[in-house]
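S.K.: Provided below for reference: sequence and predicted model.
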Amino acid sequence: MRLTAQADYAVVMLTAAARHCGATGRLNARLLADETALPLPTVQKLISRLSAAGLIESARGTGGGFRLSRPPAAISLADIVEAIEGPIAMTACVDAERHDCAVEATCQVKPHWNAVNGAVKGALAGVTLASLTATIQDEGRIAAKG
């Protein structure tokens, strides 16, 4: 399983935004693009999607920009991945509306995929933006000492 580039970039962006949380009022797309080395159009597109998902709040005009809608400790990787990718599911067969599997009628594994999906989602839900920024900051301190 591999995240799409868009989901990866969203994590990178929101981790950068979390580092600024509380230090500045609102952030803007250009600042995040510069800080993360992501293309500005990509950052703008992701801001729109993350805003629609309720993970960031944005305002236009003078003094505009965006900020996290919740504290970094209250935003998980599961929240970010689902905002970009949709519901976390290892296989499509758990979607009750899809019936495109050739072995669906006889599959002995299908009843267990929800447990697998729950485990993956639980693992992602256990990692917050706060923990990602703490790790980055701690690694910087360790490198500076070494």
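M.R.: Right, received. Where do you want to start? Numbering: from 1, shown residues only.
S.K.: pLDDT value on residue 145, please?
M.R.: Looking at residue 145, its pLDDT is 50.
S.K.: Do a quick rundown of the helices in the protein.
M.R.: 5-20, 29-36, 40-52, 77-85, 110-125, 129-145 (DSSP state H).
S.K.: Would you mind telling me which of those is nearest residue 94?
M.R.: Among those, helix 110-125 comes nearest to residue 94, with 4.8 Å by C-beta to C-beta. Every C-beta, even on glycine, is put in place using the N, C-alpha and C of the backbone.
S.K.: coming back round to it: could you dump the helices of the chain to CSV with distance to residue 67 and mean neighbour count?
M.R.: Converted to CSV, the helices of the chain look like this (distance: least, C-beta to C-beta, whole Å; neighbours: other C-beta atoms under 10 Å):
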stretch, distance to residue 67, mean neighbour count
helix 5-20, 7, 20
helix 29-36, 12, 17
helix 40-52, 11, 16
helix 77-85, 15, 20
helix 110-125, 22, 14
helix 129-145, 13, 13
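S.K.: how close does residue 109 sit to residue 124?
M.R.: 22 Å (C-beta to C-beta, to the nearest Å).
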